[in-house]
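>>> what follows is a predicted structure for the sequence shown.
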Amino acid sequence: MGITSMGGPERVVRMVRQAVGDRDVEYTVKGKKVKTIENEDEEKAYQEIRDTFDTDVVKIFVCLPDMKFDTMNLDESKQVAEMYYSYDGETIGYIINMPYRDSSLGIDFEDPIEKKYSKEIHKCKINITLYEIEDSNVPKCVAKFKYGNIEYILMGTMSEQNFEKILKNLFFPK
């Protein structure tokens, strides 16, 4: 099935999923295939990342009530996997950026910084930034770290305590 100019690849994938159900969907961006797994077993998504990049990655352990895996987008050409979880009506994003030449992944927010600090978890230094969100009592939490030459970014809107609980429960490969 092919669709063009329908509001971007995410909207197209959503439309295709409505047509094909819960099966895996691949879509093409500028001639490159992007694999998407949605509403599937989270372990299947991590296995797809491992098979594609031939390495184990730091995994999120679902440790908060009502937190669940939603979607994984894997772009082999850019060497990036994006995993999305839902929690308390919000989306938690987890980006796994494989080494790609000498490039690096960066994300910045325009919101004012509420707090910035580092924490060591499993002998890995994690840089954490909390951003103030207008009309909200909870911050946007962002953690950036590097483990085994792979860059990771975890972000979500939640209390600092819940965000740290996710960080403390990360599963680091040996």
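Great, that's in hand.
>>> give me the next element, helix or strand, following the helix or strand hosting residue 72.
Using DSSP states H and E, residue 72 maps to strand 68-75. Next helix or strand after strand 68-75 toward the C-terminus (DSSP H and E): strand 80-87.
>>> and that next one, what's its mean pLDDT?
Averaged across strand 80-87, pLDDT comes to 94.
>>> re earlier: report the buried residues of the strand holding residue 72.
Counting neighbours by 16 or more other Cβ atoms under 10 Å, one finds that the buried residues in strand 68-75 are 69-75. (Each C-beta comes from the backbone N, C-alpha and C, glycine too.)
>>> could you do stretch 123-130 as well?
124, 126, 128-130.
>>> what residues does that stretch touch?
113-120, 139-147, 160, 163-164, 167, 172 (Cβ atoms under 8 Å, 6 or more residues apart in numbering).
>>> how distant is it from the center of its chain?
16 Å (Cα atoms, centre = their mean, to the nearest Å).
>>> what average pLDDT does it get?
The model assigns stretch 123-130 a mean pLDDT of 96.
>>> renumber starting at 17 from here on
Okay, residue one is now 17; in that scheme the one you just asked about reads as stretch 139-146.
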